[in-house]
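Trainee: this one's structure only:
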């Protein structure tokens with residue numbers, strides 16, 4: 001959807017400067033060619049969506065041999081879809097969330113986050129509940145009309161003018177239905193510094209937003225860190241990390257990542273879409289965690305095309321090939 005972070009960028013430019021050049025996940029990530037990888041020790045609490053990280057230590061274990069072939073399969077899909085004219089460019093980031101390796105394709109390319117920026121807003125608000133346990137029950141009145149014509153993928157439910165909503169309800173509407181009006185109302189009722197502290201604390205560099213808030217300001221690898229940190233419960237506390245991923249599991253968008261996995265598989269994800277005129281370039285992204293039993297993984301796909309349906313089908317294909325590969329029984 002055609003969503004801008006201009007308001008945040010203008011009021012928080014000094015904060016943006018402070019984390020130019022940030023790196024993601026260090027010290028937790030590693031490449032598939034490095035045998036000295038990270039062993040992660042996690043707790044065994046009974047959570048559905050998170051697996052909190054307790055400590056890390058370096059160890060030497062065998063690499064996942066599937067990644068080399070998986071990367072080739074994904075690259076083949078990208079090449080095929082570009083040749084067919086269905087997309088013009090794509091970036092992929094995959095991460096095994098059980099102490100596993102990651103792979104990236106064009107992972108350093110910048111894209112417009114569009115509605116993906118709603119996830120750090122969600123995290124900023126949930127962070128406030130750690131100081132004020134009644135924070136989500138506070139009410140906000142929507143006192144303005146909102147033009148939904150800018151949203152290409154329109155929400156199935158929207159907030160109404162002159163109606164009162166709790167912060168918790170607005171957060172759910174912002175994520176589940178990707179309601180831009182809910183997003184704008186939430187943005188108007190929080191100190192922007194708190195939102196940018198999420199980016200800063202996660203070492204996510206969006207300094208490009210200073211020059212062009214509507215432009216290409218974030219990479220697929222950087223954005224994936226929001227889901228990684230929620231899964232680890234290393235920014236929000238465990239209950240709020242669980243709450244965030246629970247809300248994200250209800251996202252009402254089924255044409256991308258969700259379409260590529262079986263119906264019984266839970267996916268906590270967020271999509272984003274933007275259209276540029278007069279170039280007619282369209283960007284469609286879908287990022288999240290696929291809860292394959294005993295083998296959860298993070299997958300993030302960003303794409304450029306001239307048709308949202310073609311882009312959605314491409315994301316579906318990538319999601320399916322990843323799921324099919326990772327869900328194969330392990331050969332002992």
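Mentor: Now that the structure is in, tell me what you want to look at. Only a predicted model underlies this, so the values are computations on that prediction, with no experimental measurement involved. Numbers count the residues shown, from 1 in each chain.

Trainee: The closest residue in space to residue 234 that isn't next to it in sequence pairs with what?
Mentor: Nearest non-adjacent residue to residue 234, counting by C-beta to C-beta, 6 or more residues apart in numbering: residue 53, 5.8 Å away. Every C-beta, even on glycine, is put in place using the N, C-alpha and C of the backbone. Beta-bridge pairing for residue 53 (DSSP bridges): residue 42.

Trainee: Report the separation between residue 53 and residue 144.
Mentor: For residue 53, the distance to residue 144 (C-beta to C-beta, to the nearest Å) stands at 42 Å.

Trainee: Of these two, which one has the most company?
Mentor: Ranked by neighbour count (other C-beta atoms under 10 Å), residue 53 and residue 144 place residue 53 first, with 17 against 11.

Trainee: And what about residue 93, helix, strand or coil?
Mentor: strand (DSSP: H, G, I helix; E, B strand; the rest coil).

Trainee: Surely it is in contact with residue 288?
Mentor: No. Checked against C-beta atoms under 8 Å, the pair residue 93 and residue 288 is beyond contact range at 11.4 Å.

Trainee: neighbour count winner among the two?
Mentor: Counted by other C-beta under 10 Å, residue 93 and residue 288 do not tie: residue 288 has more neighbours, with 28 against 25.

Trainee: So that one is in contact with residue 299, correct?
Mentor: Yes. In this structure residue 288 lies within contact range of residue 299 using C-beta under 8 Å: 7.0 Å.

Trainee: Name the residues contacting each of those two.
Mentor: Between them, residue 288 and residue 299 share these contacting residues under C-beta atoms under 8 Å, 6 or more residues apart in numbering: residue 257.

Trainee: can I assume residue 299 sits in a strand?
Mentor: Yes. Assessed with three-state DSSP, residue 299 lies in a strand.

Trainee: residues touching it, list them.
Mentor: 92-95, 257, 287-290, 318-319, 322.

Trainee: So for it, what's the pLDDT?
Mentor: The score at residue 299 is 98. That number is its pLDDT.

Trainee: so what's it bridging to?
Mentor: Beta bridges link residue 299 to residue 94, residue 288 when assigned by DSSP bridges.

Trainee: cool, and residue 273?
Mentor: Counting by DSSP bridges, residue 273 forms beta bridges with residue 284.

Trainee: what number of residues lie near residue 310?
Mentor: By other C-beta under 10 Å, the residues close to residue 310 number 18.

Trainee: do residue 278 as well
Mentor: 5.

Trainee: Residue 220 too?
Mentor: Residue 220: 27 surrounding residues under other C-beta under 10 Å.

Trainee: Give the buried residues for stretch 47-55.
Mentor: Residues of stretch 47-55 classed as buried by neighbour count (16 or more other C-beta atoms under 10 Å): 47, 49-53.

Trainee: any chance of these in TSV, plus pLDDT?
Mentor: Shown next, in TSV, are these (pLDDT from 0 to 100):
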residue	pLDDT
47	93
49	97
50	96
51	93
52	89
53	70
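
Trainee: on that earlier part again, wait, which of the contacts of residue 299 is closest to residue 194?
Mentor: residue 287 (22.2 Å; C-beta to C-beta).

Trainee: which residue sits closest to that closest one in space, ignoring its chain neighbours?
Mentor: Nearest residue to residue 287, sequence neighbours excluded (C-beta to C-beta, 6+ apart): residue 300, at 3.7 Å.

Trainee: Run through the strands of the stretch 1-150 of the chain in chain order.
Mentor: In the stretch 1-150 of the chain, the segments counted as strands under DSSP state E, counting those that start in this stretch are 36-42, 53-60, 89-96, 102-105, 110-111, 139-142.

Trainee: follow-up on the earlier one: quickly list what's touching both of residue 93 and residue 288.
Mentor: Listed as contacting both residue 93 and residue 288 by C-beta under 8 Å, 6+ apart are 298-300.

Trainee: how about these in TSV, adding distance to residue 274?
Mentor: Listed next are the shared contacts of residue 93 and residue 288 as TSV, based on distance: C-beta to C-beta, whole Å:
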residue	distance to residue 274
298	22
299	20
300	16
